[in-house]
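**Student:** Kindly generate the corresponding structure for this input.
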Amino acid sequence: MTAAPVVVCPDCDGMTFTLEPCRCTTYGNRFIADADALGPRREAYRSCEQCRGAGSIAYPCYRCGRRGRRRAQLVVTVANLDTGAVASHQVVPGGLDPHRDPAGAWVIDLAARLARLCALADLLLLDLVVEARRQGPGFGWAIRYEVPGSSVPPGTPAWHRDLPEALTRTDVADALTGLAERGLTAPARLLRPDSPRPPATPAVDVDQLERRILADCVDPAHGDELPDAQALWRDGRWWHTTLRAGEPVEILAEQLTGQVVRRVRVPLSRGFEPPDASWWGEPVDWRPCPDCRPESRLRACDCRLGGRPADLDCPHCCGAGLRPSALRCFTCGDTHRLHRAGLVTVTDLRHRVVHLAWQAGTPEVAPLVATQPNGRPVVQLPDRYRLGSWAAVLGARPEDLRDADGGHDLDRALRDGYVALPWAGSDPVGEHVRAAGRGAAAGRLIVVAAPPDAPPLAELLRLALGLDLALVVAVCDLRHNAGDPLLADGLRWSVEVKPCDAAVSPDDLPYRPSLAAALTWCRECLTDAVAGAAPTDPATPIPVPWSGPRDLAADPEPDLLRLASRHAGQAVTVRFTRAGCAVHRHDDDGVRLLAEAPDLRDLRLT
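**Tutor:** Here you go, the predicted structure:
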């Protein structure tokens with residue numbers, strides 16, 4: 001094989017490292033620095049804990065991997081998912097004459113997307129917020145969902161240059177992400193018994209909405225510029241408001257350099273608060289969390305785990321029971337509140353929804369099903385407290401349940417109604433409410449009950465083989481643990497695209513609750529996986545895969561299930577390549593090769 005052309009890394013000039021200004025030079029030779037009053041000259045902090053006053057730090061060059069050389073080769077690959085054909089073209093110095101092509105862009109029905117976001121807000125009993133904030137000469141736009149009553153957040157993860165761009169790049173999952181963080185201080189309410197049905201999909205005008213929000217950023221009386229404005233969709237209509245600056249707040253933050261930086265944050269509030277949501281019922285009672293302190297990093301110490309009293313000889317808390325921690329409070333998730341009721345919403349994110357109100361203190365028959373090693377009893381609540389049962393009502397499987405805020409898999413205790421009681425005779429519903437509301441905005445948990453939008457396994461397998469890569473599928477059959485709340489149950493899957501010569505690692509264990517979830521994650525990571533398959537040595541050329549059209553192979557899932565059932569309780573990994581497939585089993589002493597064959601159906605396992 002001809003060696004790939006290499007060049008000296010332009011980032012480090014072949015030195016394998018780069019000298020970068022130390023972070024302390026941003027603030028100069030000052031122990032306490034003002035972040036908003038930086039001077040043009042950069043001076044090192046003489047007592048810096050990172051550069052020791054030198055002003056610069058050597059960092060390994062990440063562009064060349066500390067080799068000093070980089071591969072002068074680019075491979076562009078196009079795959080046809082309908083036929084399985086793969087074509088590639090390599091670009092090397094002097095091998096391509098650049099020329100201009102007309103630019104194009106995808107056009108999306110923006111009004112329809114905004115209308116769907118509004119309709120979903122009514123369905124989930126949330127506010128849809130469209131916000132514009134001044135950024136230099138223009139505005140930054142953001143779209144998000146909020147729990148009614150949430151305060152104006154100090155910042156938003158993504159800003160866009162206009163409303164059409166924000167709509168194009170914000171889907172339902174993006175708008176829901178961060179919902180809990182934004183609503184930590186929102187008031188918790190129950191549903192009114194006579195709550196109206198959500199209205200039909202509304203008609204919205206994107207241009208008119210954008211013009212109205214921009215008009216709210218100017219004071220009509222004096223023509224002065226106001227900082228920001230919002231439009232909130234609540235109860236089937238838009239509510240418009242300006243955002244007003246409050247009293248500045250000074251924040252001191254310790255830096256890794258040993259300096260302390262003073263920042264001034266200006267909180268924002270709405271100039272007009274919309275009327276209360278029509279579905280709001282009685283306020284939910286709550287009590288302060290006993291395991292953390294507001295406005296501090298104090299959290300319950302590990303010596304108090306399991307309900308034990310504080311250890312007077314504990315080296316971490318010295319008997320106080322609280323210690324500083326950068327982690328969220330395990331008891332309340334940093335809401336600092338333990339609500340006596342919770343509102344759980346189960347939805348398919350389309351048109352079906354179920355709202356469940358769970359009240360602490362409700363007498364329920366909860367039989368004992370297990371006892372933890374520490375002696376804590378485990379009980380199981382009736383079906384109305386088992387979200388897995390409600391998933392079937394919406395046409396989904398229990399393993400399809402996931403948190404709408406971030407897409408994380410749902411805890412098995414919430415799925416099956418298991419509750420570990422702190423002591424015999426305690427309130428199981430109250431413990432279940434606390435678990436559901438941990439870290440949730442206003443004690444609300446929104447659960448998505450819908451199968452992931454996953455590609456077929458056979459289609460992903462055909463694509464991986466066309467790219468001359470390996471598709472690694474791992475599965476573990478734990479269905480024999482069904483009914484035991486102390487053990488993991490069901491099937492666990494993982495699907496990854498790797499180089500053909502990559503070995504199976506003992507740490508590559510399946511953990512996704514369904515094959516669809518594993519396939520979805522594999523597709524999301526496909527770009528990075530393909531890039532990571534390139535040889536690390538810059539002198540080794542990147543492969544140029546090429547493959548003609550090929551038919552889809554038979555779905556390997558039934559054979560994988562039979563294989564996993566035969567080795568129940570152990571993880572089994574199958575590597576598919578153009579040469580065939582190999583089956584490995586994960587034992588206590590490592591990974592063992594069981595068999596190899598051209599096709600999974602031809603395997604004869606020992």
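**Student:** Identify the bridge partners of Ala595.
**Tutor:** Val583 (DSSP bridges).
**Student:** what about Ala533, neighbour count?
**Tutor:** Around Ala533 there are 19 other residues, counting by other CB atoms under 10 Å. Every C-beta, even on glycine, is put in place using the N, C-alpha and C of the backbone.
**Student:** just checking, it touches Pro499?
**Tutor:** Yes - using CB atoms under 8 Å, Ala533 is in contact with Pro499, at 4.5 Å.
**Student:** so what sits against both of those two?
**Tutor:** Residues touching both Ala533 and Pro499 (CB atoms under 8 Å, 6 or more residues apart in numbering) are Leu469.
**Student:** if I look at Arg263, how far off is Pro248?
**Tutor:** Arg263 sits at a distance of 10 Å from Pro248 (criterion: CB to CB, to the nearest Å).
**Student:** neighbour count winner among those two?
**Tutor:** More crowded of Arg263 and Pro248, by other CB under 10 Å: Arg263, with 13 against 9.
**Student:** Show me which residues of the host helix or strand of the more buried one are buried.
**Tutor:** Element membership for Arg263, per DSSP states H and E: strand 260-265. By neighbour count on 16 or more other CB atoms under 10 Å, the buried set for strand 260-265 is Val261.
**Student:** Give me the packing partners of that strand, helices and strands only.
**Tutor:** strand 32-34, strand 249-254 (3 or more CB pairs under 8 Å, 6 or more residues apart in numbering; DSSP states H and E).
**Student:** Let me have these in JSON lines, extended by mean pLDDT and distance to Trp159.
**Tutor:** Converted to JSON lines, the helices and strands packed on strand 260-265 look like this (pLDDT from 0 to 100; distance: least, CB to CB, whole Å):
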{"stretch": "strand 32-34", "mean pLDDT": "85", "distance to Trp159": "25"}
{"stretch": "strand 249-254", "mean pLDDT": "84", "distance to Trp159": "22"}
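**Student:** In three-state terms, label Cys303 for me.
**Tutor:** helix (DSSP: H, G, I helix; E, B strand; the rest coil).
**Student:** Look up how far Pro309 lies from it.
**Tutor:** Distance from Cys303 to Pro309, by CB to CB: 9 Å.
**Student:** Helices of this protein, start to end?
**Tutor:** 110-124, 163-168, 172-176, 179-182, 206-215, 387-393, 412-416, 428-437, 457-466, 515-524, 526-532, 557-566 (DSSP state H).
**Student:** Leu163 and Gln208 touch, don't they?
**Tutor:** No - with contacts counted by CB under 8 Å, Leu163 stays clear of Gln208, the gap being 10.6 Å.
**Student:** So between those two, which is more surrounded?
**Tutor:** Leu163 (24 against 10).
**Student:** Who are the contact partners of the closest residue to the more buried one other than its chain neighbours?
**Tutor:** Of all residues not flanking Leu163 in the chain, Glu210 sits nearest, at 4.2 Å (CB to CB, 6 or more residues apart in numbering). Counting by CB under 8 Å, 6+ apart, Glu210 touches 162-164.
**Student:** Can you read off the pLDDT for Glu210?
**Tutor:** At Glu210, the model reports a pLDDT of 92.
**Student:** repeat for the one 4 residues further on
**Tutor:** For Leu214, the model assigns a pLDDT of 90.
**Student:** now the residue lying closest to it once chain neighbours are set aside, which residues is it bridged with?
**Tutor:** Using CB to CB, 6+ apart and skipping the chain neighbours, the partner closest in space to Leu214 is Ala132 (6.5 Å). Beta-bridge pairing of Ala132 under DSSP bridges involves Trp141, Ala229.
**Student:** Tell me the one of the contacts of Glu210 nearest Gly417?
**Tutor:** The shortest approach to Gly417 among the contacts of Glu210 belongs to Leu163, at 43.4 Å (CB to CB).
**Student:** Please tell me how far that closest one sits from Arg144.
**Tutor:** For Leu163 relative to Arg144 (CB to CB), the value is 13 Å.
**Student:** before we move on, what about Asp311?
**Tutor:** 43 Å.
**Student:** Between these two, point out the one with more neighbours.
**Tutor:** Set Asp311 next to Arg144 and count neighbours by other CB under 10 Å: Arg144 wins out with 25 against 16.
**Student:** just checking, the more buried one touches Arg182?
**Tutor:** Yes - between Arg144 and Arg182 there is a contact under CB under 8 Å: 7.2 Å.
**Student:** quick one, phi/psi of the closest residue to Pro309 other than its chain neighbours?
**Tutor:** Leaving aside its sequence neighbours, Pro309 sits nearest to Gly321 (CB to CB, 6+ apart; 7.8 Å). Here is the backbone geometry of Gly321 (degrees, to the nearest 10): phi 90, psi -10.
**Student:** circling back: return the most buried member of the helices and strands packed on strand 260-265.
**Tutor:** strand 32-34 (a mean of 14; mean count of other CB atoms under 10 Å).
**Student:** Distance to Ala440 for the helices and strands packed on strand 260-265 - can I get that in TSV?
**Tutor:** Converted to TSV, those look like this (distance: least, CB to CB, whole Å):
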stretch	distance to Ala440
strand 32-34	37
strand 249-254	26
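**Student:** Select, out of the ones you listed, the one closest to Gly437.
**Tutor:** Distance to Gly437, taken as CB to CB, is lowest for strand 249-254 among the helices and strands packed on strand 260-265, at 28.1 Å.
**Student:** could you dump the closest one to PDB, C-alpha only?
**Tutor:** Only the C-alpha atoms of strand 249-254 are listed here, as PDB (Å, rounded to 0.1, in the frame of the first residue of the first chain):
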ATOM      1  CA  VAL A 249     -25.900  41.100  41.300                       C
ATOM      2  CA  GLU A 250     -22.200  40.600  42.100                       C
ATOM      3  CA  ILE A 251     -20.800  37.100  41.800                       C
ATOM      4  CA  LEU A 252     -17.300  36.000  42.900                       C
ATOM      5  CA  ALA A 253     -15.900  33.000  41.100                       C
ATOM      6  CA  GLU A 254     -12.600  31.200  41.900                       C
END
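**Student:** angle of it against strand 260-265?
**Tutor:** Between strand 249-254 and strand 260-265, the angle formed by their directions is 150 degrees, by axes from the mean of the first three to the mean of the last three CA atoms, to 10 degrees.
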